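Student: this one's structure only:
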Ligand code: URA
């Protein structure tokens with residue numbers, strides 16, 4: 001065995017994490033020893049998906065300069081969204097259609113897909129994350145990459161709820177380039193849609209995934225360590241919704257320790273107990 005061999009699984013694990021975070025291009029994964037199905041298969045899958053998504057985006061592209069004087073493609077004025085207020089699924093469908101036309105911030109330019117959110121409009125439980133990553137952008141669905149797999153396990157194996165019975169959304173609906181932090185103008189443009197999603201669904205409880213979603217929902221600058229572990233309150237449109245902040249699944253993947261996982265389990269268990277009583 002070469003002295004480098006024991007390191008290969010570690011390097012590959014790191015690489016998978018980098019892929020999840022959308023930074024894989026920077027470390028040239030093709031220079032690593034190939035392994036059947038991984039990461040070569042991943043790269044092939046992603047290249048194929050990228051090509052398909054690029055074709056789709058090209059077909060749906062606006063004529064250049066559409067929407068704004070000055071030709072930057074941004075919309076300067078937009079009618080506010082108005083739900084019909086009778087059927088949650090229908091209102092979410094209308095909101096999604098409205099967001100598909102959104103050109104309020106520059107993120108629409110590079111996205112392959114709008115990642116609106118998905119799940120059961122009649123659910124009692126909503127999960128809110130930060131923003132789509134590469135996998136989500138390519139597939140148009142929230143939490144479908146590695147962090148999404150972990151989230152699915154938390155919901156299905158941990159909480160014993162089918163993933164399709166909850167609703168999952170993000171603060172931003174379009175992927176920020178290279179998964180950078182959402183910027184204030186992007187949040188200003190995008191969060192009315194999230195607020196509408198919450199107002200339409202009227203969940204009994206929300207799990208905020210990570211510092212970003214927690215800070216936005218609770219209007220605070222506190223860190224996730226201070227926020228997680230207990231319920232906070234979101235007041236919206238006459239509703240008082242308990243919010244449980246917990247670590248973001250991507251963080252859990254990075255810090256895959258017993259302690260971190262135990263904390264997440266503690267947080268979601270409180271939500272399970274809350275749902276039993278409400
Ligand atoms: N991270 C998020 O915050 N949201 C997703 O949809 C995927 C990864």
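Tutor: Here it is on my side, so go on. These numbers were taken from a predicted model, which means no experiment stands behind them.
Student: In which helix or strand does the residue lying closest to residue 247 once chain neighbours are set aside reside?
Tutor: Spatial nearest neighbour of residue 247, excluding adjacent residues (C-beta to C-beta, 6 or more residues apart in numbering): residue 264 at 5.5 Å. Bear in mind the C-beta positions are built from the backbone N, C-alpha and C, glycine included. Assigned by DSSP states H and E, residue 264 belongs to helix 258-277.
Student: that older thread, model confidence for the residue nearest to residue 247, exactly?
Tutor: pLDDT for residue 264: 98.
Student: burial of residue 88, as a residue count?
Tutor: The number of residues packed near residue 88 is 18, by other C-beta atoms under 10 Å.
Student: An error on my part: the question was meant for residue 146.
Tutor: Neighbour count of residue 146, defined by other C-beta under 10 Å: 18.
Student: same deal with the one 3 residues further on?
Tutor: A count of neighbours around residue 149, defined by other C-beta under 10 Å, yields 15.
Student: Repeat that for residue 278.
Tutor: Under the neighbour criterion other C-beta under 10 Å, residue 278 is assigned a count of 9.
Student: The residue nearest to it when sequence neighbours are not counted: what's it in contact with?
Tutor: With C-beta to C-beta, 6+ apart as the criterion, residue 278 has its nearest non-adjacent residue at 5.2 Å, and that residue is residue 204. For residue 204, the contact set (C-beta atoms under 8 Å, 6 or more residues apart in numbering) comprises 124-125, 241-242, 274-275, 278.
Student: Same check on residue 158?
Tutor: Residue 158 neighbours (C-beta under 8 Å, 6+ apart): 265, 268.
Student: ok, so what distance separates it from the ligand?
Tutor: When distance is defined by C-beta to the nearest ligand atom, to the nearest Å, residue 158 is 18 Å away from the ligand.
Student: which other residues reach the strand ranked longest in the chain?
Tutor: Criterion DSSP state E: the longest strand present in the chain is strand 239-246. For strand 239-246, contacts defined as C-beta under 8 Å, 6+ apart pick out 198-199, 202-209, 211, 213-214, 217-218, 224, 227-228, 230-235, 263-264, 267-268, 270-271, 274.
Student: Those residues, buried ones only, as a ChimeraX selection?
Tutor: To isolate the buried ones among the contacts of strand 239-246 in ChimeraX, judged by 16 or more other C-beta atoms under 10 Å, type:
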select :198,199,202,203,204,205,206,207,208,209,211,213,214,217,218,224,227,228,232,234,263,264,267,268,270,271,274
